[in-house]
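S.K.: Need a 3D model of the sequence below.
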Amino acid sequence: VLPRLGLRMAIPGTYSQVEWFGRGPHEAYADSQENARTGRFAMGVDDLRTPYVFPQENGNRLGTRWVRFTDGESGIGIEGDFAFTARRWTSEALDEATHTQELEPTEWIHLNLDIAQNGLGSAACGPGVLPEYQLRAHPATIELTFRRTTG
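M.R.: Okay, the predicted model is just below:
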């Protein structure tokens, strides 16, 4: 079982304003996507995270058709059919942290642009990930268009 399948990258931390068309306004995963509606949303990168008591995967926006990260004047736009997660620390830092205060923001915004993710389940207080939401290795492609944005 894979945690996610996609592309990872980092963009300047000044591109902290986010606007997207997809599921939102809060996080959504393969096994919890019905709790988010499809629409156009905007917020700051720091508002994308779900502050769980124990640091864990969070903040994914599923069903994204486009997303823009800007500093108010310029930035980067991404188009395609994907899920995105944006945060000020790497996935490795999130995995290693046992307390929220251990998550040290970097000067970068770390992006995951995913074709698919393993479901989250609720093993802490219920069942694990159901088989239909488990991400198994398989051939896959992703097509993304990156554009410089202004305004």
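S.K.: okay, CA-based contacts and neighbour counts for the rest of this
M.R.: OK.
S.K.: who does the worst-scoring helix or strand of the chain on mean pLDDT touch, helix- and strand-wise?
M.R.: Within the chain, no helix or strand scores below helix 91-96, which has a mean of 88 by mean pLDDT, DSSP states H and E. Contact partners of helix 91-96 among helices and strands, from 3 or more Cα pairs under 8 Å, 6 or more residues apart in numbering; DSSP states H and E: none.
S.K.: Pull out the buried residues from it.
M.R.: Within helix 91-96, the residues scored as buried using 16 or more other Cα atoms under 10 Å are 91, 94.
S.K.: can you list the residues that contact it?
M.R.: For helix 91-96, contacts defined as Cα atoms under 8 Å, 6 or more residues apart in numbering pick out 55-57, 103.
S.K.: among the residues you listed, who's most crowded?
M.R.: Pro55 (19 neighbours; other Cα atoms under 10 Å).
S.K.: which one is that residue nearest to, not counting chain neighbours?
M.R.: Excluding its sequence neighbours, the residue lying closest to Pro55 (Cα to Cα, 6 or more residues apart in numbering) is Thr100, at 5.7 Å.
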